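Chemist: Provided below for reference: sequence and predicted model.
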Amino acid sequence: MDPISAISSGLTASMSVFSQASTALGNAAAGNSDIASAITDQIGAKVAFEAEAKVMQSLAQTQKQVLDILV
């Protein structure tokens with residue numbers, strides 16, 4: 001699998017989890033869901049997104065260095 005595709009999938013997955021947690025948080029305000037669980041899920045999704053973004057940044061830097069060596 002292409003590293004960029006894997007990173008993109010990770011970013012998409014973390015955005016989906018964050019969105020679901022946001023919906024759950026909205027439901028929690030109405031008393032239909034667990035607030036602590038929704039907030040924990042949001043924080044976890046934020047951390048996962050940031051980690052995937054750092055991996056993407058690292059991959060871009062590595063590819064740039066390889067291209068600099070080849071040129």
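Modeler: Ah, there it is.
Chemist: wait, Val17 touches Asp41, no?
Modeler: Yes. With contact defined as CB atoms under 8 Å, Val17 reaches Asp41; the gap is 6.2 Å. In this view, the C-beta of every residue, glycine as well, is placed from N, C-alpha and C.
Chemist: for this protein, longest helix please?
Modeler: Ordering each helix of the chain by length in residues (DSSP state H) puts helix 35-70 first.
Chemist: so where is this protein shaky, pLDDT-wise?
Modeler: 1, 71 (pLDDT under 70).
Chemist: center of the chain, which residue is that?
Modeler: With distances taken as CA atoms, centre = their mean, Phe49 lies nearest the centre of the chain, 2.1 Å away.
Chemist: what sits against that one?
Modeler: Leu11, Ser14, Met15, Phe18 (CB atoms under 8 Å, 6 or more residues apart in numbering).
Chemist: return the subset of those lying in helices.
Modeler: Per DSSP H, the contacts of Phe49 map to helices at Leu11, Ser14, Met15, Phe18.
Chemist: in a markdown table, list those residues along with distance to Ile35 and neighbour count.
Modeler: Formatted as a markdown table, the ones in helices among the contacts of Phe49 follow (distance: CB to CB, whole Å; neighbours: other CB atoms under 10 Å):
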| residue | distance to Ile35 | neighbour count |
| --- | --- | --- |
| Leu11 | 26 | 17 |
| Ser14 | 20 | 20 |
| Met15 | 21 | 14 |
| Phe18 | 16 | 18 |
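Chemist: which one of those sits closest to Ala29?
Modeler: Nearest to Ala29 among these: Phe18, at 16.9 Å, using CB to CB.
Chemist: list the buried residues of stretch 27-42.
Modeler: Ala28, Ala38, Asp41, Gln42 (16 or more other CB atoms under 10 Å).
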